[in-house]
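**Q** structure for this input, please:
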Amino acid sequence: MPSTSSGPPPPLVARGGPPVRVGITWSFLVGGYLSLFAAAYFDIIRGPLLPSIAADLGLAFSASGAFLTIGQAVGLVLTFLMIGALNRWSERTIMAGTCVIGIGACLVAPQVHSFGALLGLGSLIGIVIAVLDAMANILVVEAVPVHLQGRFLSGLHSIYGLASLASASVVGVALMHGMRWSSLYAAALPAYVALLIFAWRTLGNVRAKAERTVQSARLSRLQMLVVLVFAVYVAGEVATSMWLVSYLVQKRGLTASGATTYLMLYFLVYTLVRLACAFFIQPRHEKTVLHLALIASVAAFVLADLGPTWAFAFVGLFGPFFPVFLARVSRSFPLSWRSLTIWIMAAMNVTIGLANLTIGRLADTWGMPIAFLLPPALLASALLLLLLYFRLEPPAAGGGL
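**A** The predicted structure is shown next:
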């Protein structure tokens, strides 16, 4: 029977191996899904609001891009600290503290009227996104049996897609009605209050002893390659959603609200393919899905660049890549998956920050059409790195329990 307790059920421990989960810890599973939904809202509205922020504060692309970059830089520091934090504190403590910071960001946003204050807001948002993203993946992996991780992680990242679609819709409607960008950050206040209450009341304060084993921060060479694949891929994915509206405004002459419609279509495709994996993905299908996801998204970028704006929607076909690959590597490295996940999140903060900074500077110097060539280049690079990983992958990664 699945566990209904606030903490995880006692694991079965194989001799010489890691704990093996035999039931679903529903509080952890729901907590992971809610965490990613809250983080996704803060994350996604940053991109479509960039033109409004730049116009409101009189900033160039490179300066408004710094709002994104500082969030990634601060998030990077917090992510590195999480390996030690998870070995010392409970999930409840970490999530509750992060929600308090999220509440602070909601209250600060309406007071932002200068570049310095914008960087302060970006720092708070970066903390919240980085920690909740990492906690969401960790909670779901801890909550479900190994053979179900691919499906539940795809389900988790479908939540990200749904939140992204909802966020883009909210931004589009709000901009059409002349709402100030900061009000959209303040609107998240009830969600962070609710998540704080949920975390404090339902998440266990102490993990099972077998699951509190300290995990080393060291990485093998193969694990470094895994981190690099994720870092390059996610930089391409996030740069796409962050700068698509700005690209369509400058290159195609659309209004910010009109360009957001195409961002919504992109997130719709992104979400649907993740939902399909949540229901149907099996370990034996993973390699095919991972290859097709990257190939299809790069092809869609090429098609969109040649003319039809609607083709940007199909860039979202890379949607299953992150959850499916994360589930696969959690099986490949069962004794170090938690610390490996933290390293992945840390590296992502670096590459996302660098990508946003690079696109901002390229846009100021050469124009957004040239700058927006970086996302497909990153996705193509991730495909090459993935091919290298599969040549070296441990044999056990392709199987289930």
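
**Q** show me the shaky parts of this structure.
**A** Residues of the chain that meet the criterion pLDDT under 70 lie in 1-22, 204-217, 396-401.

**Q** quick check, central residue of it?
**A** By Cα atoms, centre = their mean, the chain has its centre lying nearest to Asp133, at 5.8 Å.

**Q** for Gly122, the count of nearby residues, please.
**A** The local packing count at Gly122 equals 24, with neighbours defined by other Cβ atoms under 10 Å. For the C-beta atoms, the positions are set from N, CA and C on the backbone; glycine is no exception.

**Q** just to revisit the earlier point, can you classify the residue nearest to the centre of the chain as helix, strand or coil?
**A** For Asp133, the secondary-structure state derived from DSSP: H, G, I helix; E, B strand; the rest coil is helix.

**Q** and for Gly97, the neighbour number?
**A** 16.

**Q** what strand or helix carries it?
**A** With elements delineated by DSSP states H and E, Gly97 resides in helix 91-108, which encompasses its position.

**Q** packing partners for that helix?
**A** helix 26-57, helix 61-88, helix 115-143, helix 181-186, helix 189-202 (3 or more Cβ pairs under 8 Å, 6 or more residues apart in numbering; DSSP states H and E).

**Q** now the second one: buried residues?
**A** To tie it back to what came earlier, the one meant is helix 61-88. With burial defined by 16 or more other Cβ atoms under 10 Å, the residues of helix 61-88 counted as buried are 61-76, 78-80, 82-83, 85-86.

**Q** what's the answer for the longest one, then?
**A** The neighbour-count check on helix 26-57 (16+ other Cβ under 10 Å) flags 27-54, 56-57 as buried.

**Q** quick one, what contacts Asp56?
**A** By Cβ atoms under 8 Å, 6 or more residues apart in numbering, the contact list for Asp56 reads Arg180, Trp181.

**Q** can you give me the neighbour number for the nearest residue to Ala39 once chain neighbours are set aside?
**A** Nearest-residue entry for Ala39: Leu132, 3.8 Å, with adjacent residues in sequence omitted and distances by Cβ to Cβ, 6 or more residues apart in numbering. Leu132 has 28 neighbours, counted by other Cβ under 10 Å.

**Q** my guess is Leu132 contacts Thr98. True?
**A** Yes. Counting by Cβ atoms under 8 Å, Leu132 sits close enough to Thr98 to count as a contact (5.8 Å).

**Q** shared neighbours, these two?
**A** Residues touching both Leu132 and Thr98 (Cβ under 8 Å, 6+ apart): there are none.

**Q** which of the helices and strands packed on helix 91-108 sits closest to Ser241?
**A** Checking the helices and strands packed on helix 91-108 against Ser241 by Cβ to Cβ gives helix 26-57 as the closest, at 5.4 Å.

**Q** still on that earlier bit, show me the contacts for the residue nearest to the centre of the chain.
**A** Contact criterion Cβ under 8 Å, 6+ apart gives Ser35, Leu36, Ala39, Asp43, Met345 as the residues in contact with Asp133.

**Q** 6 Å - rerun?
**A** Listed by Cβ atoms under 6 Å, 6 or more residues apart in numbering, the contact set of Asp133 reads Ala39.
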